[in-house]
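**Q** Can you look at this prediction? I've put the sequence above it.
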Amino acid sequence: MGFFGKLFKGPEIDQARSDESKRKMRRLFDSVVPDGGTYQLMAAYTEDVKRFNYGLVHGSKTTYTSLIVGWKEGPEPTVAVVPTVPDLSGCGDAEICPRSTVKKAYQNKYPTDAFIIYPDGKHYLSITTFEWLEDEKLFIYADQGPEQQAFETFFKTRYATK
């Protein structure tokens, strides 16, 4: 079973590379979020599906955006979302969502398990978490099982609207 166990195990995570990604995530996050060091972090992504219908041709195109998601407990639970690129060479502006200002927040069950946050009445944020994804061209290379579990627990118990 030794040889075949290794053969069918799948790819292994490069822990040094994952740790370097986490250091880069922290630097980027701290550069755009005030008091960024007080947040726990994880990598996530969002997807935008555009559907088209040209007579006989129907289809869709999905665009993925990598995210750095930070959250903090305390008297005012807060989620901060920073758009970035998979190689973490840069980032956009942070969207900071204190729980008291959020109109609605829940975990979507279909078609994905995305976490949905409506920071105001005009738009929403969709956050899809992962423990590790193999495609480093589309997603941040990070091994983050414990972080994913911590975020899910925080979101469900302290952040989601009832």
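**A** Ah, there it is. Numbers count the residues shown, from 1 in each chain.

**Q** Can you name the element that comes right after the helix or strand containing residue 23?
**A** Element membership of residue 23, judged by DSSP states H and E, is helix 15-32. With elements assigned by DSSP H and E, the helix or strand that comes after helix 15-32 is strand 40-54.

**Q** Residues touching that following strand, excluding its own?
**A** Residues external to strand 40-54 that are found in contact with it (Cβ atoms under 8 Å, 6 or more residues apart in numbering): 21-22, 25-26, 29, 58-72, 112, 114, 125-130, 138-140, 142, 144, 147-148, 150-151, 154. No exception for glycine: its C-beta is placed from N, CA and C like everyone else's.

**Q** ok, now which ones touch the residue nearest to residue 95 when sequence neighbours are not counted?
**A** Excluding its sequence neighbours, the residue lying closest to residue 95 (Cβ to Cβ, 6 or more residues apart in numbering) is residue 81, at 4.8 Å. Residue 81 makes contact with 67-70, 94-95, 97, 117, 125, 127, according to Cβ under 8 Å, 6+ apart.

**Q** ok, now how distant is residue 80 from residue 21?
**A** Applying Cβ to Cβ, to the nearest Å, the value for residue 80 to residue 21 is 18 Å.

**Q** so can I have JSON lines of the contacts of residue 81 showing pLDDT?
**A** Output for the contacts of residue 81, formatted as JSON lines (pLDDT from 0 to 100):
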{"residue": "67", "pLDDT": "97"}
{"residue": "68", "pLDDT": "98"}
{"residue": "69", "pLDDT": "98"}
{"residue": "70", "pLDDT": "98"}
{"residue": "94", "pLDDT": "97"}
{"residue": "95", "pLDDT": "97"}
{"residue": "97", "pLDDT": "97"}
{"residue": "117", "pLDDT": "95"}
{"residue": "125", "pLDDT": "94"}
{"residue": "127", "pLDDT": "95"}
